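# Okay, here's the prediction I keep looking at, along with the sequence it came from:
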Amino acid sequence: MIIEKKYYFYAGHRNKNAGEKCGRLHGHTYDVTCYFEFDFIDKKTGVTFLFSDIDELVEPIIKYYDHHFLLFEKDEMCKVFDKCNEPYRKLPFETSAENMAIYLFNRIKVETKLNIVKIEFQETKSSKVIYVPKRKKTSS
Ligand SMILES: [Zn+2]
């Protein structure tokens, strides 16, 4: 059984190494769709995992970035934000949709222990990335 859950957050960012347009300070409404796989259904309730229980685990991770500026830790802009005592979210990579998708996927997997199998990270109305890690081959 696959459960799809949709989340979103608003954030500013820039990506200095990805061209003039992406290099300017700007913001997005990020739509994050997560897919969780469960191999059981509770016989008594008929439910795999309560949607609200998934929200309780995943939402704090997503909302951590809401209404913040996302900056690569090596971006000079970090110094400006620090100097102005402006809160922001420092990340260990350029804040591309691809990097954010992989990062959020791994945070959700590690921190919630839920079996997330796919994540869609939508940056604009017309563009999103889909991350599905390759399954490790098991030797038999
Ligand atoms: Zn952008």
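Perfect, I can see it now. Numbering: from 1, shown residues only.
# Where does the residue nearest to the spatial centre of the chain sit, in terms of helix or strand?
Geometric centre of the chain, nearest residue: L104, 3.4 Å, by CA atoms, centre = their mean. Assigned by DSSP states H and E, L104 belongs to helix 97-112.
# So which elements touch that helix?
The helices and strands touching helix 97-112, judged by 3 or more CB pairs under 8 Å, 6 or more residues apart in numbering; DSSP states H and E, are strand 26-37, helix 51-63, strand 89-91, strand 116-122, strand 128-131. Placement of C-beta: from N, CA and C, glycine included.
# How far off centre is the second one?
Spelled out, it's helix 51-63. Relative to its parent chain, helix 51-63 has a centroid offset of 12 Å by CA atoms, centre = their mean, to the nearest Å.
# Which positions in it come out as buried?
Applying a neighbour-count criterion of 16 or more other CB atoms under 10 Å, one finds 54, 58, 61-62 buried in helix 51-63.
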